[in-house]
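> Return atomic coordinates for the entry below.
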Amino acid sequence: TLNRSPCFLRPFMFSIACMPSVAVRPSLIVETLEPPQSETCATESHELFFQVIGKGDAAEMSKLCNLQPQLGFGMPTEQAFTKHRQFKWLADSCKKQLSPWWKDLSTSYNQKLQWAKGFNAKLREFLCDLLQK
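Now for the predicted structure:
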């Protein structure tokens, strides 16, 4: 086919035949979603969490901290995930990274559970443990 093609097409056909990886590379790029570090997010978000989820009230936050979790995420984090699904309680830097990962269908429940437990453990240091002292 190279002998029968017009002269101006030969370099183009040669480049496709000799470098197929270049021709297909863009279609093979897959963006992998990764969540932010849960402990870092808790550190950056605990004040906002207190305002949004705890309504800025220490008694309300204490009540949430003492509730029994139903999904295994731990309280008060479970309250945030079940009642405030827009992630308004997270710092912007965390929200931008967590939201697409959390909503992605390939993210398993166990992955979400592990992330939420790490977030909750650190968050409790800031909001629950201090209130109970």
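> In this structure, which residue is most central in space?
Leu98 (1.8 Å; Cα atoms, centre = their mean).
> tell me the contacts of that one?
Pro35, Pro36, Cys41, Phe87, Leu90, Trp115 (Cβ atoms under 8 Å, 6 or more residues apart in numbering). To be clear about C-beta, it is placed using only N, CA and C from the backbone, and glycine gets the same treatment.
> excluding its backbone neighbours, what's nearest Thr107?
Excluding the flanking residues, the one nearest Thr107 by Cβ to Cβ, 6 or more residues apart in numbering is Trp101, at 5.8 Å.
> and Leu123, what is it in contact with?
With Cβ under 8 Å, 6+ apart, Leu123 has these contacts: Ala42, Ser45, His46, Phe49, Pro76, Thr77.
> Go ahead and confirm Cys65 touches Leu127.
Yes: using Cβ atoms under 8 Å, Cys65 makes contact with Leu127 at a distance of 6.8 Å.
> Of the two, which one has the most company?
Between Cys65 and Leu127, Leu127 has the larger neighbour count (other Cβ atoms under 10 Å), namely 22 against 19.
> Next secondary structure element downstream of the lowest-mean-pLDDT helix or strand in the chain?
Here the helix or strand of the chain ranked lowest by mean pLDDT, DSSP states H and E is helix 20-28, holding a mean of 50. Scanning forward in sequence from helix 20-28 by DSSP states H and E, the next helix or strand is helix 38-52.
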